[in-house]
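S.K.: turn this into a model:
(chains A and B)
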Amino acid sequence: MSDAPGRERIGKYPVIKLLGSGATSEVYLCHDPFNGRDVAVKVVSTEMFNDPAQGKLFKKLFVNEASLAGKLQHPHIVQIYDAVAEEELHYIVMEYVDGGTLERFCVPESLLPIETVVEMAFKCTRALETAHRMGITHRDIKPANILHAGGSEVKITDFGAALVATAETTQIAAIGSPAYMSPQQVKEHPLDHRTDIYSMGVVMYHLLTGRLPFQASNNFSLIYQITTMDPPPPSSMRPEIPARVEAIVLRAMARDLDDRYPDWESFAQDLADVFRTEYKSAEQAGFADTDKFETLRGLAFFENFTDAELWEVANMSTWRSATAGEVLLREGEPGDFFCILAGGEVKVTKRGKLLNLLRTGEAFGEMAYLSKSTPVRVADVTVMGEAKIISVPTPNLEQASDACRHKFDRAFMEILVERLTMANIRLSGV
Amino acid sequence: MSDEATPEAAPDALPEQIGKYPVIRKLAEGATSEVYLCHDPFNEREVAVKRIFPEALRNSVSGRVYRKLFLAEASLTGKLSHPHIVAIYDAVVEQESGYIVMEYVDGGTLEPHTAPDNLLPIDKIVEIVFKCTRALSYANQLGVTHRDIKPGNILMSGPTDIKISDFGLALSSGIDTTQISGVGSPAYMSPEQIREQPLSQQTDIYSLGVVMYQLLTGELPYQASNNFSMIYQITTTDPAPPSSLRDGIPMSVDRIVRKAMHKDQTRRYQTWEDFAKDLADAFRAESLSRKSEEFADSEKFNALRAMEFFRRFTDPELWEVVTMGSWEKVPAGTTLMREGDLGDHFCLLVSGEVKVTKNKKLLNVLGAGECFGEMAYLSETSKERGASISANGESRVVRIKVADLEGASEACRLKFDRAFIGILVARLNLANTRLTSA
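M.R.: Predicted coordinates for the structure are as follows:
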């Protein structure tokens, strides 16, 4: 089959346009008529498929890896819909993300604000943690494999070793280079998730400073530096980089595995902490995605939510601070949202009589959501001290995934069971 | 396109691949299409792929319009997700080739059971037809009519479990093969279909009436040596009642067939629900079921459908409950749960009455539609039964194991939890009222 540009169709998918091409692969924007959506189709044309001895096995591996990676469903991972390995045509069908890659933010003249880089890195670490838990290592983390979906939203693409071995192009562009490879990877040692942690460190370095940690005129020199030298500290190129951010980058990029973050969890934790301490002053501070996610994860109410579900909550809710004395809910008002107290204390009163004091992690206003018949507030809720309020509009929740709504219901069920038990104890005691 | 089209093979040679799907073996062949068992490597499952012959695509009145319609109908039908409907996973139509990728059902069609020497028991037929009516009702609610209901389009996936295949006008016209086999014939067409009048769900109701007739008697309602004569009879004469052809067919079943097959649309069943209800009633009234302690699926389904608890459940979700619950008829005095025992299931009372006692003190009496033992599911901490439950009169009870519910679909579990939340809110309100008035 000819590899000439101007393909009309790839398998069953009519081509809309070419998105990018590299030495062994091309990515097309296509349409999926059956599912009625646009998709990105990456056509891989490596010699390995034609190998008389290994070709068949390799094709099988290609589909198997894509099938496994396709099981990853996460807001920060590009969804794989299908993979096909035929006689002369091999391709992967993916979610189409219209926003370019992080590559364009890797040049000194268009750097992102530091807190945005921290936000993005945080989202990547949590997504890669989810992948790791499913037994998937990426092995080719680089700015070109992280798609930008607006603001600090990112989606990681091109998971899976077999895919990586054949693929140096993403949905947008391509560079083949060991620049983001870990020392273990260039030495061809056995790899685990810590190779991705290293590469993520390099990506942060690049995004923060606009340059790669190691400069070399050829790959051999690059490999030599990766395996033997320390990179110049990022702050030497961009002085406003806080020491703690720099420390995170350098720890992620530690040559020695013992010095590197042992897991995504601790990497993510440091990013969240630095965000909270360094960027508190900003107006939106405390309500950046990083902080929302970390706050939600710390609340008992959300104990059983998965990462993907927590991100859904972070996106569907509105967050704000409230000062003492502010009345949040008023008896008799219609209610189409409920709240969860992310910090501080509120009191529940009915005609001036104190009914309850609520603390961090407790929900209020949820009866309007739970009982279909009375979407009206039955009590007042007033802020006692400085409080952080998460509001979840019920129409937004109705739009959420079944899994996420189900988790909310399970959490509310537990609260109701507890309240009912209390009420019954009081009743039997009377 | 070269990479897509299957190598144009000799009629008898097995294609290696259809689209992206490697072929395992041929399942059936007809005049305009053939069906293959294939493998889907990405989703790791077997699928049935129906390939339409290029001539069929070319011969269609207008190839372009037909191809568009084909895809639109496949896509719409693909949205039907129901245990008694064959799922459509994908559909591809090109200049010279077209195929539909479907759920593979390994059980044959109803066709063999239309032979006089191979008829199914009457109760089974009523069950099967009941499931068809509910599935077609679900499809109708989503705006899909079938238009080619016949035994060859109903696949068997268990003793009385069926899956309806080949929905949609574009998919069925000019395509005469199911996953197994089939011959085009006007035998199942409604009078209005033959007259080319506008069609509604009632055309499918008519066709299912014919299927029921044939399953009961082993004969088509109209015998004819040619299509013209068949068409004449369909539009003008009444068929002999099924009971005249087979012993043991109750009057009520006769009536149902007659009403489903009525030539006059105003006197035919107006909706699938009416048809389904009569089938379930007939089943109960005639006590068609072999033993009285056994529950038929139609009976289970209808009992659940009538309960307030399941009001918000969709049909597919309700069928899940039918499958996961275990049903019992218990005499008065039976102890159903014992205080202090560890609970791994909860129950719903379908009919009858049970009493709740603690230390032999009567706490409550529950009637039909109420649930008990649900704390085993609701509470993370206390799995111990807080009270004893025993039947006051003869009662019918569904038991649902917590472990089974946890294996159910997300949608089904979500509905259970919504129902329990409703109950908890009501109880909490009651408790609060009692507390404030105390």
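
S.K.: hey, let's count contacts and neighbours off CA atoms from now on
M.R.: OK.

S.K.: contacting residues around whichever residue of the stretch 101-250 of chain B sits closest to chain A?
M.R.: Closest approach of the stretch 101-250 of chain B to chain A (C-alpha to the nearest C-alpha) occurs at B:V101, with a separation of 10.9 Å. Neighbouring residues of B:V101 by C-alpha atoms under 8 Å, 6 or more residues apart in numbering or on different chains: B:V47, B:A48, B:V49, B:K50, B:I88, B:Y89, B:D90, B:A91.

S.K.: sec struct for the fourth one, please.
M.R.: The three-state label for B:K50, taken from DSSP: H, G, I helix; E, B strand; the rest coil, comes out as strand.

S.K.: how near is the closest residue to it other than its chain neighbours to B:G108?
M.R.: In this structure, B:K50 finds its nearest non-sequential neighbour in B:V35, 4.2 Å apart by C-alpha to C-alpha, 6 or more residues apart in numbering or on different chains. With the distance defined as C-alpha to C-alpha, to the nearest Å, B:V35 ends up 13 Å from B:G108.

S.K.: same thing with A:P262?
M.R.: 55 Å.

S.K.: between the two, who's got more neighbours?
M.R.: Neighbour count, other C-alpha atoms under 10 Å in any protein chain shown: between A:P262 and B:G108, B:G108 has more, with 18 against 14.

S.K.: phi, psi for B:G143 please.
M.R.: Backbone torsions of B:G143, given as degrees, to the nearest 10, read phi 80, psi 20.

S.K.: tell me which residues touch it, please.
M.R.: By C-alpha under 8 Å, 6+ apart, B:G143 has no neighbours at all.

S.K.: model confidence for it, exactly?
M.R.: You'll see B:G143 listed with a pLDDT of 84.

S.K.: then B:G63?
M.R.: 68.

S.K.: how far away is A:Y261 from A:M204?
M.R.: Separation of A:Y261 from A:M204 (C-alpha to C-alpha) stands at 14 Å.

S.K.: more neighbours: which of those two?
M.R.: A:M204 (29 against 20).

S.K.: before we move on, which element is the more buried one in?
M.R.: helix A:193-209 (DSSP states H and E).

S.K.: next one: B:D274
M.R.: Secondary structure (DSSP H and E) places B:D274 in helix B:272-285.

S.K.: which secondary structure element contains B:E46?
M.R.: strand B:45-52.

S.K.: for that strand, buried residues please.
M.R.: Buried positions in strand B:45-52, judged by neighbour count with 16 or more other C-alpha atoms under 10 Å in any protein chain shown: B:E46, B:V47, B:A48, B:V49, B:K50, B:R51, B:I52.

S.K.: one step back: and the helix or strand just after the helix holding A:M204, which residues are buried?
M.R.: Next along the chain after helix A:193-209, taking DSSP H and E as the criterion, comes helix A:219-228. Across helix A:219-228, burial judged by 16+ other C-alpha under 10 Å covers A:L222, A:I223, A:Q225, A:I226, A:T227.

S.K.: helix, strand, or coil at B:L348?
M.R.: Per three-state DSSP, B:L348 ends up strand.

S.K.: surely it touches B:R399?
M.R.: Yes - counting by C-alpha atoms under 8 Å, B:L348 does reach B:R399; the two are 6.7 Å apart.
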